[in-house]
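Peer 1: Sequence and predicted model, in that order:
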Amino acid sequence: MNKDKDTRSIIMRPPIVTVMGHIDHGKTSLLDKIRQTQVAGSEVGGITQKIGAYQVEIETKEKKKEKITFIDTPGHAAFAQMRARGAQITDIVVLIVAADEGVKPQTEESLSHIKNSGIPYIVAINKIDLPNVSVDNVKGQLAQAEAVPEDYGGNVPVVGVSAKTGEGIEELLELILLMGQINEYKADPNGELEAVVIESRVDPKRGALATLIVKNGKLSEKDMVYTSNQEAKIKSLYNDLGKPIKSAYPSDPVEVLGFKKPPTAGSLVKGKPYTSKVEPKEAQIEEDPFKDFIASSEEETKLPIIVKADVNGSLEAITSNLPKEAQVIHSGIGEITDSDVFLAKSSRAKIYGFNSTLSSEARQAAKEAGVEIETYNIIYDLFDDVDKSILKIAEPNIDQEILGKAEVIREFPFNQKRVAGCKITEGRLNKRVKVHLIRDGKDLGSARITSLRRDKQDTQEIAAGNECGLIISPQLDFKPGDVLISYKSE
């Protein structure tokens with residue numbers, strides 16, 4: 001990519017790669033080895049700081065120079081948390097599995113996160129330099145974990161590597177570049193800026209620092225940038241070697257100085273302010289963990305769940321007897337952790353624990369994310385609640401008591417809001433309870449009554465036979481002939 005001239009509008013950008021795996025399987029060692037083998041020795045020796053991402057340049061067999069950006073995140077929890085905030089920054093995942101230990105529970109958990117994301121991935125079997133290790137045994141374990149290697153008839157590329165000797169690293173890098181060429185990751189360096197915060201910190205001398213990866217456009221000194229809750233003027237930029245630079249381009253990792261306070265990891269950074277018109281939507285991208293989860297039509301009636309149990313026997317008994325409508329995103333043995341919560345958050349799943357404890361971190365994370373966690377010591381209670389949740393998906397209003405109905409007769413504006421003129425046909429409407437908006441038998445959404453008036457007087461409740469004017473929030477797109485149904489959950 002030529003950074004001196006942006007003569008083309010759309011370009012191929014370098015792939016952005018996250019490395020994941022069991023904590024002791026060599027993720028950090030592999031990342032360090034790649035960096036050391038691809039960066040000049042004098043530059044490596046001159047590194048005085050390390051940011052959360054770096055870029056390497058590779059000379060291919062065709063003598064072309066290509067780049068890859070690696071994100072050095074703590075693991076699958078950070079990966080899931082970033083996705084949960086709408087920041088799908090990763091293009092390719094490299095899953096590290098140690099040849100001497102094989103697939104471990106944390107490996108399976110990483111696989112659950114990867115598969116749920118839909119991001120293409122490569123498995124790197126590390127430590128092949130050790131004596132008496134078997135790559136084939138690990139491949140067999142991967143196949144059992146439903147990550148079937150290509151040479152076993154599956155579609156998962158697998159390569160053996162050694163973070164110690166460097167063996168296989170060149171093949172891994174070429175495989176990443178090939179996957180990048182197949183998927184054609186594109187960006188417009190002349191387009192609107194879009195970047196993602198990888199990490200942030202406070203430097204005692206310089207103040208708030210943020211590591212970003214540019215997804216589109218160009219980031220330069222003196223640019224004004226915006227997150228959903230703050231603005232900043234870029235004072236200076238540094239590349240992954242700690243050297244000052246003037247501009248950063250698509251897929252470039254860069255540390256920036258200029259934010260008043262450290263932006264949250266996963267925040268979107270843009271070159272235009274979050275205007276009042278789009279702010280709720282953009283804020284929701286950062287705050288709503290479910291916006292990046294899109295179920296197919298076949299999955300609309302599926303209940304995504306995560307199952308944790310105390311022992312393997314219990315786990316097998318649960319997963320093998322769940323109804324077909326239950327989609328197990330991940331299952332495992334042991335304590336329910338914040339990593340389970342992050343995965344549930346990004347996949348809209350509910351967590352079911354059987355004789356499993358709940359960590360304090362998971363409890364707090366679930367409270368903040370709005371993730372439901374239910375624990376049981378009687379297996380049939382668990383099955384009953386799963387059945388109820390599935391029934392709730394098929395019939396969303398099954399546990400709701402109807403309190404009243406009103407027909408929308410007309411619409412008129414008031415203070416830049418839409419007022420629905422209604423006639424109460426059954427029961428009563430009350431400002432304290434929600435309403436469904438129904439059109440031709442279809443539920444168009446629920447809302448709260450923020451203003452309820454009869455004869456120009458504010459009121460809390462109106463009974464059948466009377467007419468009223470009301471305002472609802474959010475302002476659903478009602479029209480005459482629609483029906484509002486007031487309800488409360490049992």
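Peer 2: Alright, I've got the coordinates. Because the structure is a prediction, the values reported are computed rather than measured.

Peer 1: which residues touch the one helix or strand Ile449 maps to?
Peer 2: With secondary structure defined by DSSP states H and E, Ile449 is part of strand 442-454. Here strand 442-454 makes contact (CB atoms under 8 Å, 6 or more residues apart in numbering) with 396-397, 419, 429-431, 434-438, 458-462, 466-478, 482. C-beta coordinates here come from the backbone N, C-alpha and C atoms, glycine included.

Peer 1: Name the next helix or strand downstream of that strand, please.
Peer 2: The helix or strand immediately downstream of strand 442-454 is strand 457-458, counting by DSSP H and E.

Peer 1: Off-centre distance for that next one?
Peer 2: How far strand 457-458 lies from its chain's middle: 45 Å, per CA atoms, centre = their mean, to the nearest Å.

Peer 1: what do you get for stretch 218-238?
Peer 2: Centroid displacement of stretch 218-238 relative to its chain, using CA atoms, centre = their mean, is 24 Å.

Peer 1: ok, how many other residues are close to Pro204?
Peer 2: 5 (other CB atoms under 10 Å).

Peer 1: ok, Leu177 touching Glu59?
Peer 2: No. Applying CB atoms under 8 Å as the test, Leu177 and Glu59 come out as separate, 10.9 Å apart.

Peer 1: okay, and for the stretch 351-490 of the chain, where does confidence drop off?
Peer 2: 391, 394-399, 489-490 (pLDDT under 70).

Peer 1: Can you give the domain ranges for this structure?
Peer 2: Domain assignment for the chain by automatic domain parsing gives 11-186, 194-287, 297-394, 400-489.

Peer 1: Do a quick rundown of the helices in the stretch 101-250 of the chain.
Peer 2: 105-117, 135-144, 169-183 (DSSP state H, counting those that start in this stretch).

Peer 1: Output the longest one in PDB, but only the C-alpha positions, please.
Peer 2: These are the backbone C-alpha positions of helix 169-183, laid out as PDB (Å, rounded to 0.1, in the frame of the first residue of the first chain):
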ATOM      1  CA  ILE A 169       6.100 -19.500  11.100                       C
ATOM      2  CA  GLU A 170       6.800 -18.600   7.500                       C
ATOM      3  CA  GLU A 171       4.100 -21.100   6.400                       C
ATOM      4  CA  LEU A 172       1.700 -19.700   8.900                       C
ATOM      5  CA  LEU A 173       2.300 -16.100   7.700                       C
ATOM      6  CA  GLU A 174       1.800 -17.200   4.100                       C
ATOM      7  CA  LEU A 175      -1.400 -18.900   5.000                       C
ATOM      8  CA  ILE A 176      -2.700 -15.700   6.700                       C
ATOM      9  CA  LEU A 177      -1.900 -13.700   3.500                       C
ATOM     10  CA  LEU A 178      -3.600 -16.300   1.400                       C
ATOM     11  CA  MET A 179      -6.700 -16.200   3.500                       C
ATOM     12  CA  GLY A 180      -6.600 -12.400   3.300                       C
ATOM     13  CA  GLN A 181      -6.400 -12.500  -0.500                       C
ATOM     14  CA  ILE A 182      -9.400 -14.900  -0.600                       C
ATOM     15  CA  ASN A 183     -11.500 -12.700   1.600                       C
END
